[in-house]
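Undergrad: Below are the sequence and a predicted model for it; my questions follow.
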Amino acid sequence: HVQPAPGARDHLPPRRPMPALPLSREGRAPERGARVEREQVALTLREEAGVARAGELVSFGVPFAQGELFDPAMIRVLDAASAELPSQAMASSFWPDGSLRWALVDLLTDTGAGADLDLAIEYGSAVSRAPVPDAIVLSEHQNGVVISTGPLQATVRADRMTLLEDVRVDGRPVASMPDGIMLIGEDGTAYRLANAKPDLRMEKRGPLATTVRLEAPYVSAGGAEYQRAIVRLTFIAGSASVQVAATHVDDWLETEFTDFRSLTMPIELASAAANAAFTETDAAVVVGPAARIMQKHDQLASVGGDEREGLRLSGAMSCTAADGSGVTVALTDFWREYPKALSATADGALVEILPSLQGDSFYEDLPDNLRYPFVEGCYRLKWGMAKTTRMVLSFHAPGEEADLAAAAAAVERPLVPVIAAERYAATGALGEIAPVREGRFAAWDNDVARRHDEHMKLKETEREYGFLNWGDWYGERGRNWGNNEYDLPHGLFMQF
């Protein structure tokens, strides 16, 4: 752990405390039980990628009316045959009387390609959720915690933000992440999360899914701090996969704009890497220059150094060691949030969250409204900006085959949980809303659907992609990005 230079940040205003995520396994008044004995809410999981799923983690919110339920332990999930599925439930929001307004439910499920899976959420005083078999086990480590999901064991350190150390599958060493995430500054200085002591919190502690939250600045070998990161690691019972949400935060207040050259996350394999596979290659390739894919922008990508116009990469890679162990990496919205790259070297896999731009003219061919974050070979952010990159790391022991198509589908098109709008309206958890009714509001609903289709087509026409642009829209007053200042995401969510 490298200590920052004494007094280096004393002139900056004090950092505001970060409130904890209000997830509760017990609720505020569990002794009050429930007002109802047994009720069910229909739930449909939709598979829209055409890829079968096995043991996929699905998380969703369930609304409740005021005074209806006080104890999250009185919630369970049933399949079509009324058999209980492994699940966990936590209170995430409360009514003034202490009853649950929202519960966050996690479950594991299998489903066929393109299938709708009909389930039921059951709750009430007569309902008791069964324990999760082979639940996640946490044990104290001298410098952090050791997490075991069954097949996977990993150490999350509290003294250095290395993210994951001593990753094992079925007891065999597979990988480690000794640098955490590395930022290269404008002047070439390397800043690593591993040089910092993180704030470590158990943000969600459950038998089925547990999320560890880590936060720290990037720190150079000399102790200088430069911007910071918040990383959430979600572990899943019975799985050798870890969900990663890495948020880069520009909290540098010395200048209004901050430039840096790259942001990468190395994953070292326990033995030397031998080859890599991508969904865009017909066969595995030997590690080295050919074992790299990059999405330069929405209309140009490269595979092994070969540039291809019109190619949009899926963002999945399997990196395998000589003994057959390895890791599969899959990123959400890989091509939409360009630039992104995945590569393999003799050390292991490299997730290039923001890859090196390789020269000042790297993006000179883009129009101004897309080129603005790229300045003289650097990325430029304004103070206060933050960007989250989501991915899944799936570790495997020798003899296990990596399913790249399934890995890409799980992050790109996860199962969609659907609860009828009538439930939201009846509980009042979202305030007053009007569910779709035949013969009523048809003109509104049809118009919103039509305009949404036009909006998505316009994204393609206007090329509304890029690591700062995906999810936003261009054209406010004819020349600005909307910056989501006009509640478009909220409006679409409410309509959904």
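TA: Perfect, I can see it now. Numbers count the residues shown, from 1 in each chain.

Undergrad: For residue 24, which non-adjacent residue is closest in space?
TA: Nearest residue to residue 24, sequence neighbours excluded (C-beta to C-beta, 6 or more residues apart in numbering): residue 91, at 4.4 Å. Every residue, glycine included, has its C-beta placed from N, CA and C.

Undergrad: name the element the one you found belongs to?
TA: When secondary structure is defined by DSSP states H and E, residue 91 falls within strand 87-94.

Undergrad: Just the CA trace of that strand, in PDB.
TA: Output of strand 87-94 as PDB, limited to C-alpha atoms (Å, rounded to 0.1, in the frame of the first residue of the first chain):
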ATOM      1  CA  SER A  87     -34.000 -17.100  -4.100                       C
ATOM      2  CA  GLN A  88     -33.300 -14.300  -1.700                       C
ATOM      3  CA  ALA A  89     -35.200 -11.100  -0.900                       C
ATOM      4  CA  MET A  90     -34.200  -7.900   0.800                       C
ATOM      5  CA  ALA A  91     -36.200  -4.700   1.700                       C
ATOM      6  CA  SER A  92     -35.000  -1.800  -0.400                       C
ATOM      7  CA  SER A  93     -37.600   0.900   0.300                       C
ATOM      8  CA  PHE A  94     -40.200   1.400   3.100                       C
END
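
Undergrad: mind checking how far it is from the chain centre?
TA: In terms of C-alpha atoms, centre = their mean, to the nearest Å, the centre of strand 87-94 is found 20 Å from the chain centre.

Undergrad: And the residue nearest the centre of this protein?
TA: Residue closest to the average C-alpha location in the chain (C-alpha atoms, centre = their mean): residue 390, at 3.3 Å.

Undergrad: May I ask you to confirm that it is in contact with residue 332?
TA: Yes: taking C-beta atoms under 8 Å as the definition, residue 390 is a contact partner of residue 332 at 4.2 Å.

Undergrad: if I look at these two, which residues touch both of them?
TA: residue 411 (C-beta atoms under 8 Å, 6 or more residues apart in numbering).

Undergrad: Surely residue 118 touches residue 46?
TA: No: using C-beta under 8 Å as the test, residue 118 is too far from residue 46 to be in contact (10.4 Å).

Undergrad: And the lengthiest helix in the chain, what's buried?
TA: Longest helix in the chain, counting residues (DSSP state H): helix 442-462. Of all the residues in helix 442-462, those buried under the rule 16 or more other C-beta atoms under 10 Å are residue 459.

Undergrad: which helices and strands does it pack with?
TA: Applying 3 or more C-beta pairs under 8 Å, 6 or more residues apart in numbering; DSSP states H and E, one finds that helix 442-462 makes contact with helix 488-495.

Undergrad: How far away from the center of its chain is the helix it packs on?
TA: Per C-alpha atoms, centre = their mean, the centroid offset for helix 488-495 relative to its chain is 21 Å.

Undergrad: Can you list the neighbours in contact with it?
TA: Against helix 488-495 from outside (C-beta under 8 Å, 6+ apart): 430, 433, 445, 448, 452, 471, 473, 482.

Undergrad: from these, which is closest to residue 386?
TA: Within these, the smallest distance to residue 386 is 13.4 Å, found for residue 471 (C-beta to C-beta).

Undergrad: residue contacts, the closest one?
TA: Taking C-beta under 8 Å, 6+ apart, we find residue 471 in contact with 484, 489.
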